[in-house]
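Enquirer: please work out how this folds:
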Amino acid sequence: MSKKFKIPTRTNIKGTDWNWVIKIFFITFALSLAMSTGANEALSGVNVFFAFLILLFLISLGAIFDMIGMAVASADETPFHSMASHGVKSANRAIWLVRNAEKVSNFCNDVVGDIMGILSGSVAGIIVLNLSNEGSLWLSVLMTGIVSALTVGVKAAGKGISISKSNLFVYCFAVIIDFFWFTRNKKGKKK
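Expert: The predicted model follows:
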């Protein structure tokens, strides 16, 4: 005789925030258009070496944001409350990041990560065109494979680290956000 098991569900999940979905759709569309256009214009006259450096930068940036998104989704809020009660700077920002994990993870993993993936594909295409005037099919296929393997490999290496050190990643990201937020607000107050 088999027993019936009830699968536990989380009760604190709010559901889909459709305002966020619509807002992030348009933000992603605008960012993608702007960055793709800018990258194509900027890279049209760049030599192959610098194009490879830009390609590696885009892959790395996508992987870093992927790690941040994973860390925020898997972090525990409790240590940040303790830090905030002891007056540790940026602890409240870390709490906000964890409480808004759905949106932060969506932005980091999907918006930034996917845009970096698209841009790295564009840069790879520009590299292929610069290396071969005819745009060789084999060179294009090889470049696509290299870019895909690098992107997935770097992200795979980062996921384990970001999940195991999720609270550290979230706190470091909170410190960076607060630094830039403070710097921007400080400049605005001087005017």
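Enquirer: and the residue nearest to residue 76 when sequence neighbours are not counted, which of the three is it?
Expert: Leaving aside its chain neighbours, residue 76 sits nearest to residue 167 (6.2 Å; criterion: CB to CB, 6 or more residues apart in numbering). Quick note: C-beta positions are derived from backbone N, CA and C, even for glycine. Under DSSP: H, G, I helix; E, B strand; the rest coil, residue 167 falls in the helix class.
Enquirer: tell me the mean pLDDT over the helix or strand hosting residue 55?
Expert: Following DSSP states H and E, one finds residue 55 within helix 48-74. Mean per-residue pLDDT for helix 48-74: 92.
Enquirer: same check on stretch 168-186?
Expert: pLDDT averaged over stretch 168-186 gives 86.
Enquirer: residues of that stretch that come out buried?
Expert: For stretch 168-186, the buried set under the neighbour-count rule, 16 or more other CB atoms under 10 Å, comprises 169, 170, 171, 173, 174, 175, 178.
Enquirer: on that earlier part again, next helix or strand past the helix holding residue 55?
Expert: helix 78-85.
Enquirer: for that next one, packing partners?
Expert: helix 91-99, helix 166-190 (3 or more CB pairs under 8 Å, 6 or more residues apart in numbering; DSSP states H and E).
Enquirer: residue 161: how many residues sit nearby?
Expert: 14 (other CB atoms under 10 Å).
Enquirer: contacting residues for residue 95?
Expert: Residue 95 makes contacts with 77, 80, 81, 84, as judged by CB atoms under 8 Å, 6 or more residues apart in numbering.
Enquirer: wait, which of those residues is closest to residue 61?
Expert: Nearest to residue 61 among these is residue 80, at 25.5 Å by CB to CB.
Enquirer: which residues touch the closest one?
Expert: With CB under 8 Å, 6+ apart, residue 80 has these contacts: 91, 92, 94, 95, 98, 167, 170, 171.
Enquirer: poorly predicted segments of this protein, please.
Expert: 1-15, 133-135, 183-191 (pLDDT under 70).
Enquirer: gap between residue 20 and residue 26?
Expert: 11 Å (CB to CB, to the nearest Å).
Enquirer: ok, the two, which is more surrounded?
Expert: Higher neighbour count among residue 20 and residue 26: residue 20, with 14 against 9, using other CB under 10 Å.
Enquirer: residues contacting the most centrally placed residue in the chain?
Expert: In the chain, the C-alpha nearest the mean C-alpha coordinate belongs to residue 65, at 2.6 Å (CA atoms, centre = their mean). By CB under 8 Å, 6+ apart, the contact set of residue 65 is 108, 109, 112, 113, 116.
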